[in-house]
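S.K.: Need a 3D model of the following:
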Amino acid sequence: MAAWLNQNMNVLWASVLVEELCRNGLDTFFVSPGNRNAPLAAALAHNAQAKIFSCMDERGAAYRALGFAKATGKPGVVVCTSGTALANYYPAVIEAFRDTLPLVVLSADRPPELAGSDANQTIMQEGIYAHYCLESLNLPCPDPAYPLVALAAKICHIARVKEGPAHINCRFRDPLIPAQAPSGPVQESVLSEAGHYFEKTGPATVHAPVSRTCPDLAAIKDILKKTRRGLLVIGRLENSEDREGAKTLASMLGWPVFCDVASALKGTAGDLELFALDHPRCVSLIKDYNPDTILQLGTGLVSKHYYAAILQGDAQHVIQVSPRQGHRDPSFRVSMKVKAGAGDFFRSLGDSSRISQDKSAALVLIDSLQQVESDIKQATPKDVLSFPLIADIINRRIPAGEALFPGNSNTIRAFDMAEPPANRGVQVVTNRGVSGIEGNVATSLGFSEGLGRRVTAVMGDVSLLHDLNSLAMLADSRASVIVVVVNNQGGRIFERLPIQDFPEIANPMMTTPHGFAFYHAAHMFNLPYAKAATPGELETAYGEALGRDGSQIIEAALDPEKDLEIFKIRRNI
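M.R.: Coordinates of the predicted model:
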């Protein structure tokens, strides 16, 4: 055991805590500055297993950790000081909770006697995340009477949380740095216990693996066998195994299938695939098809019309397959739920080739929707930059094996209606847990760092304004993120919603026009920059960005009035 641990009980505790997290595979830490978390920083600095990312902004750090979790399935650990620091994690904690993603908050806190005393930088930190946190551990100040084996066992338990956020709150009294405390060195009995702990390897508690199982699907098999008009809808999926299972199942069923942009399966269903659910003609045609069974793999579809119109039809059976926790049924129409990934579901289902299917009705639906798609393409101007053309250009040029992050609002809706990436194997990552517009840059960065591949992140101007602090992390990281910011001078999605009929409400409180450009932001953070105002300029700028290493910013400047006009033209086809 290192001699420097002998002098400060805070640092010794923090070292056991960090070591136990690392032994459980939680070895990636996103650390924000502070003084109260100095013992944690000291423990990290002296732990050879810890991979440390320095993040000056807590909100960005938490979204960066979220992106890392999306890429790896492993929790990122965010580390902060006391006070409002951990409150800045809250948006990402909510996103992690809703998206069942692992995230560990490791917050430093002041001693309990200072709570409510008007002491500086002191708030009530225990339970701050309320029901958005799956597990919480509120530790006392380090105490020789508190066994280190108990500390390690509790940290080991927290480290097992994989389906949402967990919070470890660590109270520390002064002195905080690795120096001798006023009461003298750490007690010999504690040092002896610590010595035994550090001599061992592996987690404090070994958890036997649990085999994944899928429930009895006999009833569902019977429903699928008898279905005359089926509709397969594929939402966000968890991993490549689920994507393969969903793709094979789509081929086996032979039903019309819609692939949400976040499924990363657009373009894989061949002649069976429906291009969109969010166009009025598409909705009308699907309602005329009148499916008697809807099988939904995954959750969180971008299309609001799927929930508001299609699911409200006359389907006798709506079957949802998803491993995610929670209700996950905003239309309240799901009649059967299977808590499993699409891969496990497919393996448990077995042969489900159809014998009762009304193939002629399916062909009519598919042919009709292909005509709608063709009409929309022909009506979309090719010489004016618009959201649809931006999605089309990116999808045609993004290299195979890389990742795409479409931001929320107009951006993800454009990609949901666009043709899929021309190169296969493009991974799609989104923040659709609560569809916030903050944290886009940081999530993309964390995903790139976790995946080890370049990410093209396409987002709106208001989203980037929310996340400017994260450009510092982007500039400092070895990862590569191409940020395509669509600057249409504000939140123009509200011009496409019913609130547009009430301009005194919409302007400027909703549309938030700003008049900013992003050249100076790129220059401030020393990031390469290009501006594109036409489709040809975006083609060139994106192609050049793909040919360079490192992160960069492309500003796609849209005329908001022309873009709105194109939206209305496409909508009225």
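
S.K.: residues near Ala48, how many?
M.R.: 5 (other CB atoms under 10 Å). In short, each C-beta sits where N, CA and C put it, glycine included.

S.K.: Also Lys200?
M.R.: So Lys200, with other CB under 10 Å, has 10 neighbours.

S.K.: Ramachandran coordinates for it?
M.R.: Main-chain torsions, Lys200, degrees, to the nearest 10: phi -80, psi 170.

S.K.: Distance of it relative to Trp13?
M.R.: Relative to Trp13, Lys200 is positioned 17 Å away (CB to CB, to the nearest Å).

S.K.: pLDDT below threshold where in the stretch 401-550 of the chain?
M.R.: The stretch 401-550 of the chain contains no residues with pLDDT under 70.

S.K.: Ok, the chain next?
M.R.: In the chain (pLDDT under 70), the answer is 1, 3-4, 179-184, 210-213, 215, 352-355.

S.K.: ranges for the helices of the stretch 351-500 of the chain?
M.R.: 359-379, 387-397, 410-417, 440-451, 461-466, 470-476 (DSSP state H, counting those that start in this stretch).

S.K.: center of this protein, which residue is that?
M.R.: For the chain, the residue nearest the mean C-alpha position is Asn431 (4.0 Å; CA atoms, centre = their mean).

S.K.: how close does that residue sit to Leu464?
M.R.: Using CB to CB, Asn431 is found at 14 Å from Leu464.

S.K.: In this model Val441 seems to touch the residue nearest to the centre of the chain, though I could be wrong.
M.R.: No. Between Asn431 and Val441 there is no contact under CB atoms under 8 Å: 11.2 Å.

S.K.: what about Ser360, how many neighbours?
M.R.: Residues within reach of Ser360, counting by other CB under 10 Å, total 8.

S.K.: Return the distance of it relative to Gln370.
M.R.: For Ser360 relative to Gln370 (CB to CB), the value is 16 Å.

S.K.: again, but for His317
M.R.: In this view, His317 and Gln370 are 27 Å apart by CB to CB.

S.K.: bridging residues for the spatially closest residue to Tyr519 that is not a sequence neighbour?
M.R.: Distances taken as CB to CB, 6 or more residues apart in numbering place Tyr529 nearest to Tyr519, at 5.7 Å, with adjacent residues excluded. Bridge pairing for Tyr529 (DSSP bridges) gives the partners Ile553.

S.K.: Can you show me the helices along the stretch 201-350 of the chain?
M.R.: Applying DSSP H, counting those that start in this stretch to the stretch 201-350 of the chain gives helices spanning 218-226, 240-253, 280-289, 304-305, 342-349.

S.K.: Show me what the last one is packed up against.
M.R.: Contacts of helix 342-349 with other secondary structure elements, assessed using 3 or more CB pairs under 8 Å, 6 or more residues apart in numbering; DSSP states H and E, are made with helix 218-226, helix 240-253.

S.K.: quick one, which of the ones you listed is packed in tightest?
M.R.: Scoring the helices and strands packed on helix 342-349 by mean neighbour count under mean count of other CB atoms under 10 Å gives helix 240-253 as the most buried, with a mean of 20.

S.K.: Convert that one to PDB, retaining C-alpha atoms only.
M.R.: Output in PDB follows, covering the C-alpha atoms of helix 240-253 (Å, rounded to 0.1, in the frame of the first residue of the first chain):
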ATOM      1  CA  SER A 240     -26.000  -5.000 -32.800                       C
ATOM      2  CA  GLU A 241     -27.500  -8.200 -31.600                       C
ATOM      3  CA  ASP A 242     -31.000  -6.600 -31.400                       C
ATOM      4  CA  ARG A 243     -30.500  -5.000 -34.800                       C
ATOM      5  CA  GLU A 244     -29.600  -8.400 -36.300                       C
ATOM      6  CA  GLY A 245     -32.600 -10.000 -34.700                       C
ATOM      7  CA  ALA A 246     -35.000  -7.300 -35.800                       C
ATOM      8  CA  LYS A 247     -33.700  -7.400 -39.400                       C
ATOM      9  CA  THR A 248     -34.000 -11.200 -39.600                       C
ATOM     10  CA  LEU A 249     -37.500 -11.200 -38.100                       C
ATOM     11  CA  ALA A 250     -38.600  -8.500 -40.600                       C
ATOM     12  CA  SER A 251     -37.500 -10.800 -43.400                       C
ATOM     13  CA  MET A 252     -39.200 -13.800 -41.900                       C
ATOM     14  CA  LEU A 253     -42.500 -12.100 -41.200                       C
END
